[in-house]
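Q: only the shape, not the letters, is given here:
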């Protein structure tokens, strides 16, 4: 039996991509050990009898939890110092070293055939572990890490330098769409075999409507209302504010549900109040990956209006597009290559520019032809599904470890 060590610098609880990749490999007979952070102080989820999960506590993460802002929510002096570019870089390097030492100690007696690095912030650790175990190295880049919102100039320069250097020792590269495969080749001249695994969820029994009109009953509006849904992190530049403001132009037939949590939740709540939309825009707590699709199916149209403020946003293919499609929700997305390629090929929604007028027109147009777009969702789901997608991952490992 081949053994794969997966490295993830976050908690496994809310990372559906890592969970389903590990499960696909385990179902194909690989033993998978996932080493990740313990951010939520929870027990690891049970995924499969061949999957072992070990969570580690890192001192820098614990220290960050202890920091707080003032009464107005502004960052404290200590927080501002830690976020300064040089200090942040040093802190990240120390955290990586601490994480590496803990993993190496824990896995020292294990057999490892391949180290699977999830995102750039684990690649240096994964390379060291691959050297320690004299095994293969797989780099799974979930996004353009160096172009993520919030990365400072020093982070970005250092990140690109390290990524290019570390790629020389990577045996296989995985990204999330064909555009990112091209980005890696154009930037680094990457020569290792590459595949892209689209962020398509696994289906269980979510298509069984057990909670019909869930949002209508939860928030007390009539069942003839059309539910617009944004689900995911509440972060800047994801176009959530545009979706809220678009509600001012839509008639009373529509309700908007924001499902998730994040740094700008307070700002979004304030915006809803300022726009007088408290009776039409609702906030729902985030839920684990295992529960998200059961709620998704209770909405009518899904929104993915990321703003073009970085290459990461522009080329990203958020997994919510697939979640919406699989649950029969036509999609309104921003007109970026990483999103529009799906809508252009499979026609289960509309890609539009990032402004309120275009969002309103797209929602109205889809609502007028709802049956057509729902049918296109069904047709797309016959092709865009995890069983089909996971075959590429299994084939990669069969070839790599043969």
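A: Everything's here; your move. Owing to the predicted nature of the structure, the values given are computational and were not obtained by experimental measurement.
Q: any chance you could map the helices in the stretch 201-350 of the chain?
A: 214-219, 240-246, 265-274, 289-296, 311-315, 319-326, 337-346 (DSSP state H, counting those that start in this stretch).
Q: out of those helices, flag the one nearest residue 49.
A: helix 289-296 (17.5 Å; CB to CB). All C-beta spots, glycine's among them, are computed from the backbone N, C-alpha and C.
Q: picking that back up, identify, out of the helices of the stretch 201-350 of the chain, the most deeply packed stretch.
A: helix 319-326 (a mean of 25; mean count of other CB atoms under 10 Å).
Q: redo the helices of the stretch 201-350 of the chain as a markdown table? Include mean pLDDT and distance to residue 383.
A: Formatted as a markdown table, the helices of the stretch 201-350 of the chain follow (pLDDT from 0 to 100; distance: least, CB to CB, whole Å):
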| stretch | mean pLDDT | distance to residue 383 |
| --- | --- | --- |
| helix 214-219 | 95 | 28 |
| helix 240-246 | 97 | 28 |
| helix 265-274 | 97 | 35 |
| helix 289-296 | 90 | 18 |
| helix 311-315 | 91 | 22 |
| helix 319-326 | 96 | 10 |
| helix 337-346 | 96 | 8 |
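Q: among the ones you listed, which is nearest residue 385?
A: Short answer: helix 319-326, nearest of the helices of the stretch 201-350 of the chain by CB to CB, at 7.2 Å.
Q: and the helices in the stretch 51-200 of the chain?
A: 59-65, 77-82, 85-107, 123-133, 153-167, 178-188.
Q: nearest to residue 214, out of those?
A: Per CB to CB, nearest to residue 214 of the helices of the stretch 51-200 of the chain: helix 59-65, 32.9 Å.
Q: pLDDT of the closest one, averaged?
A: On average, the pLDDT along helix 59-65 is 61.
Q: export the helices of the stretch 51-200 of the chain to CSV and tack on distance to residue 237?
A: As requested, the helices of the stretch 51-200 of the chain are exported to CSV (distance: least, CB to CB, whole Å):
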stretch, distance to residue 237
helix 59-65, 22
helix 77-82, 21
helix 85-107, 20
helix 123-133, 25
helix 153-167, 16
helix 178-188, 19
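Q: weakest of these by average pLDDT?
A: Checking each of the helices of the stretch 51-200 of the chain, the one with the poorest mean pLDDT is helix 77-82, at a mean of 52.
Q: surely residue 178 is in contact with residue 197?
A: No. Taking contacts as CB atoms under 8 Å, residue 178 lies outside contact range of residue 197: 11.4 Å.
Q: neighbour count winner among these two?
A: residue 197 (21 against 16; other CB atoms under 10 Å).
Q: mind checking the helices of the stretch 201-350 of the chain for the one nearest to residue 104?
A: Across the helices of the stretch 201-350 of the chain, closest to residue 104 is helix 289-296 (CB to CB), at 28.8 Å.
Q: quick one: contacts of the closest one?
A: 14-16, 19, 45, 201, 203-204, 206, 210-211, 214, 229, 231, 259, 284, 287, 302, 323-324, 326-327, 329 (CB atoms under 8 Å, 6 or more residues apart in numbering).
Q: end to end, how far does stretch 283-290 reach?
A: Using CA to CA, to the nearest Å, the end-to-end distance of stretch 283-290 comes to 19 Å.
Q: ah, wrong one, I meant stretch 7-20
A: End-to-end distance (CA to CA), stretch 7-20: 14 Å.
Q: picking that back up, among the contacts of helix 289-296, which ones are buried?
A: Neighbour counting with 16 or more other CB atoms under 10 Å marks 14-16, 19, 201, 206, 214, 229, 231, 259, 284, 302, 323-324, 326-327, 329 as buried within those.
Q: from those residues, which ones fall inside strands?
A: 229, 231, 259, 284, 302 (DSSP state E).
Q: ok, now which ones touch residue 115?
A: 4-7, 126, 129-130, 133, 135-138.
Q: switch the cut-off to 7 Å
A: 5, 7, 126, 129-130, 135, 137 (CB atoms under 7 Å, 6 or more residues apart in numbering).
Q: what's the farthest-apart pair in the ones in strands among the buried ones among the contacts of helix 289-296?
A: Every pair of those checked by CB to CB; the farthest is 284 and 302, at 14.0 Å.
Q: hang on, the earlier thing: nearest to residue 185, of the ones in strands among the buried ones among the contacts of helix 289-296?
A: Closest to residue 185, out of all of those and judged by CB to CB, is residue 302, at 31.4 Å.
Q: now the end-to-end length of stretch 25-35.
A: End-to-end distance (CA to CA), stretch 25-35: 16 Å.
Q: cool, thanks, talk later.
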